[in-house]
Structure formats: structure tokens, C-alpha cells
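Engineer: sequence unknown, structure follows:
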């Protein structure tokens, strides 16, 4: 293990960007595991468009400005954040690193940002709450059996969770062709080709296999049953009949901060406010659901116009740099949520890799603020952004 730890440290020293961490994760993980985190739905056009939107929006510098008193800190829902970033919900984290949910929670807490516990987490909620130091939020899918949903949110309340993030864009899980082609099953199934691939990634093998295949910690899983892909397992858990009446029901059950995740139509701002929600995550699920969906950054200004500052807007999908964070805040977001970026760090070096990814974001955000001419990230406005053809 000492040699493996030394290799992890070397890979982190060589990773100066999130793209570098992605390359390190690709070298570390077996193909079926890397493709699970890295891939999107069908042709992956939404995933590509998410990045293209950030590239098509450029920043306008206001130099010279005195930027000697910069701070990336912000506040959201009464919580102080070291920067306007949240680690969003990413299921099956223990496929990338043993006890991956705990590593994500600890890494986020050390960096001063929230971590959203995935409904598909592999650890017990109690353990994640302890690891997070009280900074974690909980993602929720409304289940077929609402009593199961009530049981989970009751446990969350008892453990001190204050923020719930209900995801609504998964009536059916996206068709992720990489997982189908790789045979990434729940639990793992093995073929000669997969065994050979694992042997080519001894670091992952020596860390992961002693713990066995990841199992859901918050979702029920029938003993002895398997699913062809992770998406098929998710399909078995999620109720496709969810509407605004169900979201209003959830509002009645949860006394804390309640956020709806997965909106892409600015016309849904009013229903969210009317239902009593405290925040919105504009999301296309990182391109893992509807192939051909609009990018979140492209619709963010329309959401901002509809919200009129009455409700905080968060955005995910495609965020890879600190400059991306500044663009999103300038166009109306209170914060961004990231998923793949911190999983690349997790895959490379566990908790240290998560912290490294978050450090990259904060360094790049601070540098972008200085070069644009901002001392406070909250002072970013649409005036510093130009959309190019």
C-alpha cells in the first residue's frame, strides 16, 4: 500500500487542472468504471454542449482595478461557503475509491463547501453525516413507496441534515451506451475481458476488490438480484409519476431548506416558488439523461430573468474550471454544483484527490477574479461576460 500511496501523491503533483485529474483517473480505473463516471447518454451531445457553452461565453476584464482584497467566500441558505461551489450528488462513489462517499464528505468539509449525499450513496447516512462535520445536504428521489421516502427524510432530520435536494429529471434513467457496451452491472459481473482490464489497473484492484462490489446504502436492493446497468437499478427505484403535487407534498414534510434539482425550463421558476421551494438547481444531469438537451449555462440568463432574485439559482453540468464558476455567477447563479470533477480527484487519490480538485477550482476562481477586476465573487454581473458565435 505504501507504493500505491506514493503513486497517488505523484499523480496529484502532476495534476494542475481538472483535465489532468481526468487523465489520472482514466489511467487509474478499469475502463468500465471510468466510463461510468465519464460518459453521458446516447451520443453524448448534451455533455459536449455543456462544455461548448462555457467556451462560447468569454470574460471581459475591467483592469486596472485594485484587487488586493479578494475573497472567494459567499453565503448560501444561511451557510458560509469558502467559494460558490457544492459537490453535487454522485452515486456509486465507492466504485472509484473505497468508502468514496466518506472521502467526498471529508474533502468537502475540509475545503469549506457543502457535499450533497447521493440517494445512490454506498455508505450509511449516519457515517456520512459524521464525516461531513454537519455540512452535508441530502439528495432525494421520491420513491414509489412514499413511506420509504418519509423514513429517509426522518433519518436525515434526526442526524441534523438541514438541506434536502430533490431530483426530478430522472423519470427514466438515460440510456448510457458506454455502460451497456462495457457490461457495467449492479453488482459487478465478470468476463475474461473485464478481468484482464482489472489486472491492468492493479492500484484500483488492490484497493477496491477487498471491499467487494459497492452496494446501495440508502436504497433497498433485493438479495441475489442483478441489473444489466446502474441505470437499470435506478429505474427500479424511481417513481416516474412525480409531479408538482408530489413536490408540494414533500414541502409539507420537510421543515428545512428544500431545493429542486433538474429544471431546464425557465417557466418552472414560478411553480417552484409557488410550491415553497428555497432554491433551484438548473441541471441536465451532466448530459447523462436527455441526449440533445439544452446546456444549463445557455438557459441560466432566462432563469435569472424569471427568478428576479426571489430564489437562489444553482447550476451544474460542464463546470471544469474556476473561470467557469465566475461565468456562472456573473450570469445569475448563486453557486455551481460539480460532479465528475471531484470524482476524478477521488479516483486518483481518495480524500486527498477531492481536496486537490477543490483547490484547483478555488485557485482558478481567485485568479479569474483578479484578472477580471473583482474583489468579491458576488460582485460578478452579466456585464463581464460576452457570448461569442
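Structural biologist: Yes, it's here. All figures in this text were calculated on a predicted structure; none of them were measured in a lab.

Engineer: what's the mean pLDDT across the longest helix belonging to the chain?
Structural biologist: Ranked by residue count, the top helix of the chain under DSSP state H comes out as helix 340-372. When pLDDT is averaged along helix 340-372, the result is 98.

Engineer: swap in stretch 215-227?
Structural biologist: Taken as a whole, stretch 215-227 has a mean pLDDT of 65.

Engineer: all helices of the stretch 251-389 of the chain, in order?
Structural biologist: In order along the chain, the stretch 251-389 of the chain carries the following helices (DSSP state H, counting those that start in this stretch): 269-274, 296-307, 322-330, 340-372.

Engineer: and stretch 266-278, average pLDDT?
Structural biologist: Confidence over stretch 266-278, taken as the mean pLDDT, stands at 98.

Engineer: show me the contacts for residue 382.
Structural biologist: With contacts taken as CB atoms under 8 Å, 6 or more residues apart in numbering, residue 382 has the following neighbours: 301, 330, 331, 332. Yep, even glycine has a C-beta here, placed from its N, CA and C like the rest.

Engineer: how about a cut-off of 10 Å?
Structural biologist: Shown in contact with residue 382 (CB atoms under 10 Å, 6 or more residues apart in numbering): 300, 301, 304, 330, 331, 332.

Engineer: in CSV: these, plus distance to residue 376 and pLDDT.
Structural biologist: Rendered in CSV, the data for these read as follows (distance: CB to CB, whole Å; pLDDT from 0 to 100):
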residue, distance to residue 376, pLDDT
300, 20, 98
301, 21, 98
304, 18, 98
330, 12, 98
331, 17, 98
332, 16, 98
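
Engineer: now neighbour count too, for the residues you listed, in CSV please.
Structural biologist: Formatted as CSV, the entries for these read as follows, by neighbours: other CB atoms under 10 Å:
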residue, neighbour count
300, 23
301, 16
304, 18
330, 23
331, 23
332, 22
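
Engineer: using a markdown table, lay out the residues you listed together with distance to residue 135.
Structural biologist: Below are the contacts of residue 382 laid out as a markdown table (distance: CB to CB, whole Å):
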| residue | distance to residue 135 |
| --- | --- |
| 300 | 25 |
| 301 | 30 |
| 304 | 26 |
| 330 | 26 |
| 331 | 26 |
| 332 | 25 |
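
Engineer: can you tell me which of those residues lies nearest to residue 71?
Structural biologist: residue 330 (16.4 Å; CB to CB).

Engineer: most tightly surrounded among the helices of the stretch 251-389 of the chain?
Structural biologist: Across the helices of the stretch 251-389 of the chain, the average number of neighbours (mean count of other CB atoms under 10 Å) peaks for helix 322-330, which reaches a mean of 25.

Engineer: tilt between it and helix 296-307?
Structural biologist: Between helix 322-330 and helix 296-307, the angle formed by their directions is 20 degrees, by axes from the mean of the first three to the mean of the last three CA atoms, to 10 degrees.

Engineer: for helix 322-330, packing partners?
Structural biologist: In this structure, helix 322-330 packs against helix 45-56, strand 57-59, strand 85-87, helix 296-307, strand 313-315, strand 335-338, helix 340-372, strand 385-387, with contacts taken as 3 or more CB pairs under 10 Å, 6 or more residues apart in numbering; DSSP states H and E.

Engineer: want to throw those into CSV with distance to residue 194?
Structural biologist: As requested, those are exported to CSV (distance: least, CB to CB, whole Å):
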stretch, distance to residue 194
helix 45-56, 24
strand 57-59, 41
strand 85-87, 29
helix 296-307, 34
strand 313-315, 36
strand 335-338, 29
helix 340-372, 17
strand 385-387, 44
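
Engineer: of all the ones you listed, which lies closest to residue 290?
Structural biologist: Go through the helices and strands packed on helix 322-330 one by one with CB to CB and the one that ends up closest to residue 290 is helix 45-56, at 6.7 Å.

Engineer: how distant is the closest one from the center of its chain?
Structural biologist: Per CA atoms, centre = their mean, to the nearest Å, the displacement of helix 45-56 from the mean C-alpha position of its chain is 17 Å.

Engineer: quick one: that helix to helix 322-330, angle?
Structural biologist: Here the directions of helix 45-56 and helix 322-330 differ by 90 degrees (the same axes, to 10 degrees).

Engineer: which residues sit against helix 45-56?
Structural biologist: 38-41, 174, 284-300, 316-321, 323-324, 327-328, 340, 386-389.

Engineer: again, 6 Å this time
Structural biologist: Helix 45-56 has contacts (CB atoms under 6 Å, 6 or more residues apart in numbering) with 40, 284, 287, 291-293, 295, 297-298, 317-318, 324, 388.

Engineer: could you report the neighbour count for residue 195?
Structural biologist: 12 (other CB atoms under 10 Å).

Engineer: average pLDDT across the helix or strand where it lies?
Structural biologist: Remark: residue 195 resides in helix 192-199, with elements defined by DSSP states H and E. With pLDDT averaged residue by residue, helix 192-199 scores 95.

Engineer: same deal with stretch 375-382?
Structural biologist: For stretch 375-382, the per-residue pLDDT values average out at 96.

Engineer: list the buried residues for stretch 190-202?
Structural biologist: 194, 197, 198, 201 (16 or more other CB atoms under 10 Å).

Engineer: re earlier: out of the helices and strands packed on helix 322-330, which gets nearest to residue 74?
Structural biologist: With respect to residue 74, and counting by CB to CB, the nearest of the helices and strands packed on helix 322-330 is strand 335-338 at 6.9 Å.
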